[in-house]
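**Student:** No letters, just coordinates:
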């Protein structure tokens with residue numbers, strides 16, 4: 001009876017989910033139901049999937065509207081009809097074209113025109129598949145309308161948008177948010193009707209009792225619509241099935257690539273390698289994943305042909321096939337990577353290949369994929385209403401002042417002191433929280449399908465410029481649509497640009513083979529950077545937590561780095577096994593604490609579960625679960641999970657099997673709790689190993705070409721730290737930091753010898769066109785000789801020229817900044833607009849005699865802070881108070897469990913949440929010698945002694961020792977004042 005139902009995927013309109021809609025239908029004895037969201041098919045696939053659980057026949061379609069005005073509802077008779085509707089909607093949404101008032105002819109769809117729309121259009125001719133929709137309210141009008149004569153064309157259109165008065169209120173609030181208007185000013189035409197509810201089957205039948213023809217027509221439509229997708233265990237992969245022209249040719253190509261490339265990876269392959277390769281190829285063929293490998297190989301091959309770097313990671317790094325054909329660079333034999341984690345006979349979905357490219361190269365790789373493969377789209381993700389944001393939006397809708405909205409969104413209130421409006425904001429904020437707000441693009445997912453994309457979804461065209469489906473990853477996998485993950489990261493761009501800078505700055509250096517990672521792994525100087533905390537700038541290993549962990553572990557090899565990359569994850573850390581791993585690693589006598597069975601299963605990690613593979617091994621070898629059952633645990637940990645019942649069943653079998661084997665309850669639940677602690681956080685070993693390869697490439701450059709590498713780090717957005725701190729690190733490596741210069745600087749930073757000239761990009765108020773003109777003129781006609789020469793050659797306003805003067809970009813002129821500023825004012829028409837036309841004759845500049853005008857280094861520092869965001873001198877030189885009785889970071893080891901004072905310049909700080917939900921702070925500082933120290937602000941001091949931005953702090957606290965890594969537990973801290981700007985005194 002219901003052919004026009006909305007969910008909250010009718011964005012900022014609907015008020016409940018597709019599952020709620022099915023529950024509502026079940027409650028009202030409805031056994032067939034049409035989901036028709038407004039200009040959207042996001043919920044359709046999951047609606048079809050879940051409908052079977054409610055024993056309801058699913059029908060899908062689209063409610064086509066221009067704004068809030070309903071034009072017609074399209075219902076898919078079958079899968080072909082669903083595609084037709086998606087194609088039609090996509091054409092209009094991608095091209096930002098308004099929908100036509102009259103729909104085109106569809107072959108496999110029904111079209112229902114609302115009663116009022118038919119009257120407005122004066123439509124009196126209808127195709128076989130076109131109908132007139134009538135609501136209960138409209139029956140009164142129908143009796144007196146000539147449309148009553150269209151007996152075969154009238155159907156029930158009782159729209160369903162809300163369930164209750166509360167839903168209606170939420171709907172109105174969503175509409176006001178969408179229209180960015182006060183609730184009191186919301187136009188009635190933007191709202192649904194308060195009667196847009198679902199009635200029980202007997203009630204709606206009763207309402208239309210005088211119109212049996214309408215009931216019959218409606219049931220006929222519902223009866224003749226059938227749509228289906230294979231879901232769950234019945235699903236089949238919808239990905240591109242053939243890479244070449246046949247299954248046989250695909251496999252022959254994959255086999256040829258493997259045996260042709262074998263000797264490049266293994267100069268003398270042994271039986272273990274050959275047996276593993278043969279086993280993988282057979283499994284890949286049996287599970288029909290051959291094309292999946294070949295498509296990834298194609299993508300990587302294109303990138304290599306363009307000189308792009310890549311990292312292949314995810315569970316695909318466990319595959320020797322992926323390693324040999326170049327998708328990954330991790331040797332699964334060397335690392336004993338568990339093949340069954342990657343792919344096993346029970347696996348229904350292809351393995352994950354997360355392929356990282358430089359953030360500069362990723363868009364070109366994506367464009368290639370769309371050009372190379374026909375049925376391609378980006379995967380969507382849903383941006384939902386977050387509580388704090390929705391409270392602000394509701395505050396605006398109700399007209400609350402900003403101060404009140406700030407108070408409510410931050411939680412700074414007592415409920416007893418709130419007025420009724422504020423209570424409404426909080427009440428409906430909780431209701432709307434989690435609703436989809438708008439569709440966005442998945443960070444990495446690309447779909448390459450066998451059938452056209454519109455068989456599954458309508459598409460949008462977001463700013464990325466590639467068609468994007470309207471469903472997310474979980475729905476995609478349920479229907480057998482598996483994404484290819486193409487990601488962008490800055491670490492690879494740093495490596496690539498560092499090599500380019502080396503070639504330019506050190507032209508006599510021999511060529512560098514950055515792929516020679518095996519040599520890097522054995523290099524003692526590179527490994528020393530790991531264990532001493534010298535990895536700043538190196539991708540993935542530079543954070544304070546990671547550097548601290550590697551110092552605790554004394555990490556000095558590749559396998560140690562792989563382990564460190566995993567045990568830092570919250571799963572291992574939260575279970576208490578991180579500290580246990582460190583103990584067993586550093587002090588071998590502690591390895592006897594491991595249970596003998598666990599030690600036998602995981603000798604490399606001393607009986608501690610570190611990787612997802614370890615969970616599979618323990619489940620299989622400790623608890624005698626099958627590999628399929630073990631994979632249930634693995635999926636449960638990854639978060640890509642739909643069936644809690646399945647997980648619980650495996651948990652019960654795990655415990656039951658262990659008891660049967662005679663293990664004690666203490667041991668069983670200790671191991672099980674370790675497994676549970678991995679939930680959502682555990683890494684596959686191959687994933688960690690893939691990143692470790694990139695880390696070693698970065699560390700090689702940091703070790704032997706530190707200035708070139710740090711310049712590349714700065715030019716690619718840094719990483720964990722601020723630009724200011726990377727400059728400090730470059731100075732430690734011997735760099736001379738130079739302010740921007742009109743003769744030597746570029747838009748990015750530029751390395752000349754040992755001098756890093758800061759880029760014009762740091763000057764936020766310097767216009768792009770000014771920089772372009774400056775650089776183009778310099779490139780065409782050479783360096784600038786003087787301020788006069790610059791003014792003659794570059795069209796520039798006095799405001800823009802002042803920025804360059806204040807940052808000392810004309811220091812070659814040997815005049816003070818103050819003198820240059822006065823010269824510029826005299827010589828440049830500050831009020832006029834300079835012509836961009838080149839001058840035919842060079843004008844003669846007047847020479848002005850000025851009194852001696854000095855500059856102060858403190859004034860310079862303030863100019864730098866204003867223009868660059870930081871001074872190039874360190875903050876210690878600016879401190880305006882005595883720094884007495886402090887010790888240095890290097891001396892911390894002499895004061896274990898004692899309270900001392902250290903003066904530190906803030907590097908980075910972040911909040912952490914304790915197990916009890918309270919805030920604490922973790923900060924990193926450098927002392928006056930430039931050495932690092934970490935400080936912990938526990939919950940009792942975190943609010944008492946806040947961190948207020950960059951600068952020097954007096955840090956007083958107790959020194960702790962964790963595995964020879966020393967840090968401070970703050971007792972009190974205080975930001976020190978700096979010398980004031982003399983121009984303001």
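**Tutor:** Arrived safely. Since the structure is predicted, the reported quantities are computational estimates derived from the model, not experimental observations.

**Student:** Am I right that residue 210 is in a helix?
**Tutor:** No - counting by DSSP: H, G, I helix; E, B strand; the rest coil, residue 210 falls outside a helix, being coil.

**Student:** What's the separation between the closest residue to it other than its chain neighbours and residue 73?
**Tutor:** Among residues not flanking residue 210 along the chain, residue 139 sits closest, at 7.9 Å (CB to CB, 6 or more residues apart in numbering). Just so you know, the C-beta spots here come from the backbone N, C-alpha and C atoms, and that holds for glycine as well. Residue 139 sits at a distance of 18 Å from residue 73 (criterion: CB to CB, to the nearest Å).

**Student:** Which one of those two is surrounded by more residues?
**Tutor:** residue 73 (28 against 17; other CB atoms under 10 Å).

**Student:** correct me, but the more buried one touches residue 4?
**Tutor:** Yes - under the contact definition of CB atoms under 8 Å, residue 73 touches residue 4, with a separation of 5.1 Å.

**Student:** Mutual contacts of the two, please.
**Tutor:** Residues touching both residue 73 and residue 4 by CB atoms under 8 Å, 6 or more residues apart in numbering: 36, 63, 112, 133, 157.

**Student:** The fourth one looks like it's in a strand, true?
**Tutor:** Yes - looking at residue 133 with three-state DSSP, it is inside a strand.

**Student:** re earlier: now, which of the shared contacts of residue 73 and residue 4 sits nearest residue 598?
**Tutor:** residue 36 (54.9 Å; CB to CB).

**Student:** SS state for that closest one?
**Tutor:** Three-state call for residue 36 (three-state DSSP): strand.

**Student:** Ok, residue 744 next?
**Tutor:** Applying three-state DSSP: residue 744 is coil.

**Student:** Relative to residue 730, how far out is the nearest residue to it once chain neighbours are set aside?
**Tutor:** Leaving aside its sequence neighbours, residue 744 sits nearest to residue 757 (CB to CB, 6+ apart; 4.7 Å). According to CB to CB, residue 757 and residue 730 sit 12 Å apart.

**Student:** Between the two, which has more neighbouring residues?
**Tutor:** residue 730 (25 against 21).

**Student:** The more buried one and residue 807, how far apart?
**Tutor:** Applying CB to CB, the value for residue 730 to residue 807 is 19 Å.

**Student:** Could you do residue 107 as well?
**Tutor:** Distance check for residue 107 against residue 807: by CB to CB, it reads 67 Å.

**Student:** Please identify which of the two sits among more neighbours.
**Tutor:** Set residue 107 next to residue 807 and count neighbours by other CB under 10 Å: residue 807 wins out with 25 against 9.

**Student:** these two touch, right, the more buried one and residue 866?
**Tutor:** No - using CB under 8 Å, residue 807 is not in contact with residue 866; the gap is 9.4 Å.

**Student:** so what sits against both of these two?
**Tutor:** The contact sets of residue 807 and residue 866 do not overlap (CB under 8 Å, 6+ apart).

**Student:** need the strands for the stretch 851-985 of the chain, in chain order.
**Tutor:** Using DSSP state E, counting those that start in this stretch, the strands of the stretch 851-985 of the chain run over 899-913, 919-926, 932-937, 952-962, 965-975.

**Student:** Include mean neighbour count, mean pLDDT and distance to residue 272 when you put these into CSV, please.
**Tutor:** CSV is the format used below for those (neighbours: other CB atoms under 10 Å; pLDDT from 0 to 100; distance: least, CB to CB, whole Å):
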stretch, mean neighbour count, mean pLDDT, distance to residue 272
strand 899-913, 18, 94, 44
strand 919-926, 20, 94, 44
strand 932-937, 21, 96, 44
strand 952-962, 19, 96, 40
strand 965-975, 19, 96, 39
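
**Student:** Endpoints of stretch 186-204, how far apart?
**Tutor:** End-to-end distance for stretch 186-204: 30 Å, by CA to CA, to the nearest Å.

**Student:** buried stuff in it?
**Tutor:** 186, 190-192, 196-199, 204 (16 or more other CB atoms under 10 Å).

**Student:** Need the max-distance pair from these.
**Tutor:** Greatest spacing in the buried residues of stretch 186-204, by CB to CB: 186 and 204 (28.9 Å).

**Student:** Residue ranges in the stretch 651-800 of the chain under the pLDDT threshold?
**Tutor:** 678-682 (pLDDT under 70).

**Student:** what ranges do the helices span in it?
**Tutor:** Here the stretch 651-800 of the chain has its helices, by DSSP state H, counting those that start in this stretch, at 665-677, 685-704, 706-715, 723-732, 768-781, 787-793, 798-806.

**Student:** can you redo the ones you listed as TSV with distance to residue 384?
**Tutor:** Below are these laid out as TSV (distance: least, CB to CB, whole Å):
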stretch	distance to residue 384
helix 665-677	26
helix 685-704	27
helix 706-715	34
helix 723-732	33
helix 768-781	35
helix 787-793	52
helix 798-806	42
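
**Student:** how about the ones you listed, which one is nearest residue 488?
**Tutor:** Checking the helices of the stretch 651-800 of the chain against residue 488 by CB to CB gives helix 685-704 as the closest, at 13.7 Å.

**Student:** And the closest one, what does it pack against?
**Tutor:** When contacts are defined as 3 or more CB pairs under 8 Å, 6 or more residues apart in numbering; DSSP states H and E, helix 685-704 packs onto strand 310-313, helix 339-342, helix 490-505, helix 517-521, helix 524-531, helix 558-567, helix 706-715.
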